[in-house]
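**Student:** The following comprises the amino acid sequence and a computationally predicted model.
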Amino acid sequence: MNGLQHTWAVVLAAGDGKRLSALTADSEGTPVPKQFCSLNGGESLLQEALQRAKRIVPLERVCAMVAGQHRPYWRPELHAHPIANVIVQPRNRGTAHGVLLAVLSILDRDPLARIVFLPADHYVADESALADTLKKTVSLLTRNVHRLILVGIEPDEPDPELGYIVPGRELADGAYAVRQFVEKPQQRLASELLSSGALWNSFIFAANGASLLGMLRERIPSSVEEMATAYARDDRSHALGTLYERLESVDFSRAITQGAEGSLRVVAAPQCGWTDLGTPKRVADTLRRLSHTNLRPRLPDAVHRSPTRASAFVDLAAQHARLGLSI
């Protein structure tokens, strides 16, 4: 088997989306996690992220990381997805623990796996441009076996709501060293970062599974030991459930990548209409661009919406209109 056949993609869809809860209430007033909502009446953000993953790996190696408490939402969304590729956290305990469980699950099936992680709350206008960068990122893992490779997005404006990656020297393979991270800078600093060549931190990243597990073991050793032990037990579901009851929430960026810049690389993706949809303001800004430019995601016919696929639970654009919010 060649390297490409060992490439997997994980869509991270276990978050609660609390910052967006004002926009995601269903007909009964219950906030719906944003990954199960649509931006503008189309597929859910989760489905769009799964289609994004299928641009770089086949369906049999696309996994969805979800949370047990969200089962009423993801069960209809993933009814046609390979059941072995639905990785269920008993509850959301932060992105670091989600990544860890995904790594253990995939390495159990493919010890040579290289894994691309994709958040489920992004909008991308030019999917092809991002897919080309993701394919390049995967290919770089053959020469950066022990590195975690981040995907940074070339900014089209200084945005103080986003995190930034400041690249270091350019390497022979086209990737860059990582000099530092800057999280949500003031407007003036965001403009300076833009001028200096900084990239938006997309939280899309890739690594060889075994190397990533080693990095996690260095940074959160007790979590790795306890989760690996629970995962190996015959009563895995019960053991993981018991463990997750007492796990604290751990953020991957803060706990794993920050302070580890020397072991990281970053690849620059071109401007592609990328944004995360983490706050009402970012949703409003994206809807405003859509209304002004008719910008829509482009998917090939092979991955257009199936008539049997479940609809998104909430339409964020309709919620904006219903609440009388300006876009």
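**Tutor:** That came through fine.
**Student:** Just give me the residue right at the centre of this structure.
**Tutor:** With distances taken as Cα atoms, centre = their mean, the residue of the chain nearest its centroid is residue 119 (1.5 Å).
**Student:** For it, list the residues it contacts.
**Tutor:** For residue 119, the contact set (Cβ atoms under 8 Å, 6 or more residues apart in numbering) comprises 11, 12, 49, 202, 203, 204, 276. The C-beta positions use only the backbone N, C-alpha and C, and glycine is treated the same way.
**Student:** now residue 240
**Tutor:** Residue 240 neighbours (Cβ under 8 Å, 6+ apart): 89, 90, 101, 227, 230, 231.
**Student:** now these as TSV including pLDDT?
**Tutor:** Below are the contacts of residue 240 laid out as TSV (pLDDT from 0 to 100):
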residue	pLDDT
89	97
90	96
101	98
227	98
230	98
231	98
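**Student:** between these, which is closest to residue 291?
**Tutor:** For these, the residue nearest residue 291 by Cβ to Cβ is residue 89; the value is 36.3 Å.
**Student:** give me the number of residues near that closest one?
**Tutor:** For residue 89, the neighbour count with other Cβ atoms under 10 Å is 23.
**Student:** Pairing partners for it in the sheet, please.
**Tutor:** residue 67 (DSSP bridges).
**Student:** my guess is it contacts residue 64, does it?
**Tutor:** No. Residue 89 lies out of contact with residue 64 (Cβ atoms under 8 Å); the separation is 11.1 Å.
**Student:** Show me the strands in the stretch 151-300 of the chain, by range?
**Tutor:** 163-170, 176-183, 199-208, 264-269, 275-276 (DSSP state E, counting those that start in this stretch).
**Student:** tell me which element the residue nearest to residue 61 when sequence neighbours are not counted falls in.
**Tutor:** Excluding the flanking residues, the one nearest residue 61 by Cβ to Cβ, 6 or more residues apart in numbering is residue 8, at 4.6 Å. Using DSSP states H and E, residue 8 sits within strand 7-12.
**Student:** possible to save the contacts of residue 119 as JSON lines with distance to residue 217, pLDDT and neighbour count?
**Tutor:** Listed next are the contacts of residue 119 as JSON lines, based on distance: Cβ to Cβ, whole Å; pLDDT from 0 to 100; neighbours: other Cβ atoms under 10 Å:
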{"residue": "11", "distance to residue 217": "24", "pLDDT": "98", "neighbour count": "28"}
{"residue": "12", "distance to residue 217": "20", "pLDDT": "98", "neighbour count": "24"}
{"residue": "49", "distance to residue 217": "28", "pLDDT": "98", "neighbour count": "24"}
{"residue": "202", "distance to residue 217": "25", "pLDDT": "97", "neighbour count": "23"}
{"residue": "203", "distance to residue 217": "21", "pLDDT": "97", "neighbour count": "19"}
{"residue": "204", "distance to residue 217": "23", "pLDDT": "98", "neighbour count": "24"}
{"residue": "276", "distance to residue 217": "28", "pLDDT": "92", "neighbour count": "20"}
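**Student:** Which stretches in the stretch 1-150 of the chain count as strands?
**Tutor:** With DSSP E, counting those that start in this stretch, the ranges of strands along the stretch 1-150 of the chain come out as 7-12, 37-38, 62-67, 86-89, 114-119, 122-123, 148-153.
**Student:** Quick one: closest of the ones you listed to residue 243.
**Tutor:** strand 86-89 (10.4 Å).
**Student:** which helices and strands does that closest one pack with?
**Tutor:** strand 62-67, helix 95-109 (3 or more Cβ pairs under 8 Å, 6 or more residues apart in numbering; DSSP states H and E).
**Student:** Just put the ones you listed in CSV and tack on mean neighbour count and distance to residue 149.
**Tutor:** CSV is the format used below for the helices and strands packed on strand 86-89 (neighbours: other Cβ atoms under 10 Å; distance: least, Cβ to Cβ, whole Å):
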stretch, mean neighbour count, distance to residue 149
strand 62-67, 25, 19
helix 95-109, 22, 14
